[in-house]
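1. I would like to see how this sequence folds:
(chains A, B and C)
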Amino acid sequence: MATPSLRADASTLVEVTDLHVEFPTREGVVHAVRGVSFAIREGETLGIVGESGSGKSVSSQAMLRILPRPGRISRGSIRWHQRLPDGAVRATEITELGDRSSQMNALRRREMSLIMQEPMSALSPVHTIGNQIVERLRLGGSMTRAEARLKAIDLMRSVGIPNPEKRIDAYTFELSGGMRQRAMIAMAIGNAPRLLIADEPTTAVDVTIQAQVIRLLQSLQDSLRMSILIITHDLGVVATLAHRIAVMYRGEIVELGPVRDILKDPRHPYTQGLLRSVASLETSDEDSVATIPGVVPHPFEVVPGCPFHPRCSAFMPGVCDRVAPERTRLAPDREVRCHIYQSRA
Amino acid sequence: MLGFIVRRSLSGLLTLAAVSVVSFAIIILPPGDALTTYISQIMAATGEMTPEMQRQIEHMQDQYGFNDPLYVQYFKWVRGIVVAGDFGWSFATLRNVSDFIWGLMANTLILIFASMAFIYLLAVPIAFYSAVRPYSLIDYMATFLGFLGLAIPNFMLALFLMFAAYSLTGQVSVGMFSAQMETAAWSVARVLDLLRHIWIPVLVIGSAGMASVIRILRSNLLDELNKPYVQMARAKGVPEWRLLIKYPLRIAINPLLSTIGFLLPDLFGATIIVSIVLGLPTVGPVFLSALLNQDMYLAGSIVLLIAAATIIGTLVSDILLALADPRIRYE
Amino acid sequence: MNSRQDDPPAPAGEDSGAAAPVAVKTDRASVATPWQLFWWRFLRHRLAVASGLLIGLLYLVAVLADFVAPYSSSRREFRLSYLPPQAVHVEIDGLVPRLYVHGISRTMDPNTGRAVYAETEARFRVVFLTRGESYRVLGLFESNLRLFGVEDGGRLFLWGTDSAGRCVLSQTIHGARISLFIGLLAVVLSLALGATIGAVSGYYGGMIDHAVQRLIEVLRSIPGIALWMSLSAALPRDWTQLQMYFAIILILSLLGWTTLAREVRGRVLSLRNEDFVVAARLSGCSTFRLLRVHLIPSLTSHIIATLTLAIPAIILAETSLSFLGIGLSRPMVSWGVLLQQAQSVEALMAAPWLFLPGVVLIVTVLAFNFLGDGLRDAADPYAKSS
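-> A predicted model of the protein is given here:
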């Protein structure tokens, strides 16, 4: 339900507060996201970093309301700030929309878009690339088929697909991995969305193409002035692309702040561990690859207290395994969820 | 694409050749030689051998190679079919097999096509609904009816339906046409007459294949509905109904086409049984009596023809599949 | 900080749309053997478990047919042909309820010339664990103990009688022996053929695979029922009943192996490139050992499920062949042989109880299908199935 126009913080595009997502299954309920809060500002790139199963993709799927069955948002709010032509801002509560409602579809068509990890499976195998880009263009605005086709060729050229007049009639399996990823990006930026959600855009492609994709996203952000939510397990990607990062572990954001600050001075023991493992790889001293001991507990397992305590190097018995830590604000722009800082505060 | 068609046709031809060997094996399988049996039957009936009959027998010996080694017999049989459309001599009916086999085959194929149309017309919407609303009442009912269709032997279902038709209308309809329409030329009236008669066999034969088609389609659709590209289409804001039609249904056509290949033998099998129970003028009852009378050229020819029809059907479905799915073409 | 090139490779399918809740792993499950997991998943399918119990009961009845059936399969009483099922009544004798049936009187309808039966005043008790016709137990010793029967002088035809005055219930129970075991034996034979050929074909690939696939394609393009009919019609007429029985089993299994071989081949193909198989091969594991130690065990649960689904098809095929008169015939009694008497609508109208063996057949086939479905789900929880 859209609330009447109201003055919100003009620079905030979307505000996620205390988001919970759960998957009820026969074996029990999996709490994939437990109380996540973050905001994305206009023109900003937020990176969400975490291991597999940390809930980072699920959070973005909740924003688009495309959670796979039987997932559902059980608590929290996702507030979308839509800029109207007259300059006013209208806030829409996404969690209150039906996931197949026309309001939700309107947001998906014009306001946000998605890039997925595997372009091969994220694009239909039996429709041409052009067909799928044109579909998006025509959903977003009133264009004839011919206009949309010309626009699609322009888009494909702008993302660096050579010979787009020919490629537009190709099927996904006729393109190389890099070209497919570019085609998906062309489709995503089709209606000049205000938020581009990139879910592991560099995981499925090889290293040289990774670099190209990242440069492409950077230049697109500069020219289109859109916000990007980039989801990845790769600290290198966020280091180059993101302004701020959120580190997720077991469905919670354990640390959030400007990318430079966190990389220079990580506070949460988990973030510290993550950075150490990357740094030790960088020195390519194979004997001393630092890892975080232990594994992510199974989603069904209930971990009392802080979810990271079984693997934590700064584990405080009696505290960390009993009480869940609260969010602690370290600076105006930084927060961490750890007992170490809570007790000091 | 042309290369694909040529390749597939050649491999179909190879399979057909192998099937002809199996059919010939069926012909020579029973102990004893058909011609000797035939001669002794004539002798027993008439007591003497007329010179005319002697000539006929010598001609047959030469034509079908009864005194030659088996492989020569086989090649003579195949050559007869390919060159002259001669499938051999039916010793039980004293006619050439090719004189009456085509009419029976035509009736059989009518029944098969009608059953297929019935299956797909019903299975596609049911499977689609079941996949979009899994674990709904209709989904469970469709699954249960499918199981029931699998479990009831065709001949029993045919009898039950005949009984039901008799209880409702007071008459038992057997055959594929009414008496006055049996030999009439094709016309609207004859088609209507046909439809009045074949709904029972079509229902029975259809029930035999329906369950597996629904099952395959439903699981394929369920699978497709969870694919990232469907999620992607949702994220694009494609309206749900359009999304369902454009993406998964489009792709579900592929498994549908590929079911034709394995459905056909099942349908032929069901047609044989059902025709015997209901007395339909298809190859079914003729096949059974040919086997019981050891009229082996007739029996072997029927096996060859229905296998050939299956192979051609599979070939056509493969080509349609390649047209529908660019990935197969590409390989 | 420029670490991108040096990052560890990402695990495939990481955190993708499929979300977390697919894997079933509790503390108990993380230490369970694959067999325990298979068993636990199976137990969740209530319908399949119930079907399994029913099938167990049916096989028990089949084995103990002589004991369970009130009469032998060959006992005939022409004076009581086409007798409808008798009603069982209850009387209270003191405080104990007792079952009894009435006597039967027979008159001829002068118009139709058919026998008409009525109940007489006489009452005969249904008695349990009684003495009846004698039979041999396992071919070893004589016995005449039967689960239930009727007092001397009475008749007990709970499912009526057929044209020769044979007890339909007793015949159905005796028929279960042949019908149920024909399915089991034929499937075991198909398994031996299909699993071996399929595993070899899938494992070696290349020319062998190609040849086997061609053979299967040829066999599958001929409708099974037509081949079955041809082969059983070709059986020598002077063979003994036992020879016929095993010949029919052989025929049914000769054509049943193709499905199994396909199934096994597909599984082996997908397993062949799994890490643990590659690892075993690289560490010098012989081909035979690889098949036996690594591949076959990971296939067992699938094979069991496929087998369970193949049995009802064979039972139905036997029934159809016998129904058409080219399968088994009396004095052997199978459900198909019994249904030969129910070939026409007239039979269905005059003596509908002759279809009772068919009802048992349908229930059996349904139970096998439910059981097989549950087993398949348990063997492969990730497979797309209903």
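2. ok, residue 241 - contacts?
-> All of this refers to chain A. A:45, A:47, A:214, A:217-218, A:228, A:230 (Cβ atoms under 8 Å, 6 or more residues apart in numbering or on different chains). Heads up, the C-betas are built off the backbone N, CA and C, glycines and all.
3. ah, no, chain C please
-> With Cβ under 8 Å, 6+ apart, residue C:241 has these contacts: C:328, C:331-332.
4. measure it to residue C:333 for me?
-> 11 Å (Cβ to Cβ, to the nearest Å).
5. among the contacts of residue C:241, the buried ones, what's the PyMOL command?
-> Buried residues within the contacts of residue C:241, by 16 or more other Cβ atoms under 10 Å in any protein chain shown, are selected in PyMOL with:
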select buried, chain C and resi 328+332
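6. TSV for the contacts of residue C:241, including secondary structure and pLDDT?
-> Below are the contacts of residue C:241 laid out as TSV (DSSP: H, G, I helix; E, B strand; the rest coil; pLDDT from 0 to 100):
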residue	secondary structure	pLDDT
C:328	coil	82
C:331	coil	81
C:332	coil	84
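7. adding distance to residue B:50, write the contacts of residue C:241 out as TSV.
-> Below are the contacts of residue C:241 laid out as TSV (distance: Cβ to Cβ, whole Å):
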residue	distance to residue B:50
C:328	43
C:331	45
C:332	45
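8. relative to residue C:370, which of the contacts of residue C:241 is nearest.
-> Ranked by distance to residue C:370 (Cβ to Cβ), these are led by residue C:328 at 26.9 Å.
9. would you agree that closest one is in contact with residue C:318?
-> Yes: with contact defined as Cβ atoms under 8 Å, residue C:328 and residue C:318 form a contacting pair (7.3 Å).
10. give the intersection of the neighbour lists for the two.
-> Shared contacts of residue C:328 and residue C:318 (Cβ under 8 Å, 6+ apart): C:248, C:334, C:336.
11. ok, how many other residues are close to the first one?
-> Other residues within reach of residue C:248, judged by other Cβ atoms under 10 Å in any protein chain shown, total 27.
12. also the second one?
-> Summarising burial for residue C:334: neighbours were counted as other Cβ under 10 Å, giving 32.
13. correct me if wrong: it contacts residue C:317.
-> No: in this structure residue C:334 lies outside contact range of residue C:317 using Cβ under 8 Å: 11.5 Å.
14. residue A:98: which of the contacts of residue C:241 is nearest?
-> residue C:328 (62.0 Å).
15. could you check how far the closest one is from chain A?
-> The gap separating residue C:328 from chain A is 45 Å, by Cβ to the nearest Cβ, to the nearest Å.
16. likewise residue C:133?
-> Here residue C:133 is placed at a distance of 52 Å from chain A (Cβ to the nearest Cβ).
17. what residue lies at the spatial centre of chain B?
-> Chain B has residue B:268 as the residue nearest its centroid, 3.1 Å off, counting by Cα atoms, centre = their mean.
18. can you pull out the low-pLDDT segments for the chain?
-> Answering for chain A, as no chain was given. For chain A, the stretches flagged by pLDDT under 70 are A:1-10, A:27, A:279-290, A:296-297, A:299-300, A:343-345.
19. looking at chain B here, not the other one
-> Residues of chain B that meet the criterion pLDDT under 70 lie in B:31-34, B:47, B:170-175, B:179-182, B:326-331.
20. secondary structure class for the closest residue to chain C within the stretch 51-200 of chain A?
-> Per Cβ to the nearest Cβ, residue A:52 is where the stretch 51-200 of chain A lies closest to chain C, at 4.2 Å. Under DSSP: H, G, I helix; E, B strand; the rest coil, residue A:52 falls in the coil class.
21. where do the strands sit along the stretch 51-200 of chain C?
-> C:89-93, C:96-108, C:115-137, C:141-150 (DSSP state E, counting those that start in this stretch).
22. go through the ones you listed and name the closest to residue C:371.
-> Closest to residue C:371 of the strands of the stretch 51-200 of chain C is strand C:141-150 (Cβ to Cβ; 25.6 Å).
23. so what strands line up beside the closest one?
-> Sheet pairing for strand C:141-150, assigned by DSSP bridges, gives strand C:115-137 (antiparallel).
24. tell me which residues of the strand it pairs with come out buried.
-> Residues of strand C:115-137 classed as buried: C:124, C:126-127, C:130, C:132 (neighbour count, 16+ other Cβ under 10 Å).
25. nearest to residue B:54 among these?
-> Distances from residue B:54 to those, taken by Cβ to Cβ, are shortest for residue C:132, at 64.0 Å.
26. quick one: contacts for that closest one?
-> Counted by Cβ under 8 Å, 6+ apart, residue C:132 has contacts C:70-71, C:144-146, C:149.
27. switch to 7 Å and redo it
-> Counting by Cβ atoms under 7 Å, 6 or more residues apart in numbering or on different chains, residue C:132 touches C:70, C:144, C:146, C:149.
28. need the longest helix for the chain.
-> Using chain A. Ranked by residue count under DSSP state H, the longest helix found in chain A is helix A:207-224.
29. actually chain B
-> helix B:188-225.
30. so what secondary structure elements neighbour that one?
-> helix B:97-132, helix B:137-151, helix B:154-169, helix B:250-278 (3 or more Cβ pairs under 7 Å, 6 or more residues apart in numbering or on different chains; DSSP states H and E).
31. before I go, just wanted to say thanks for your time.
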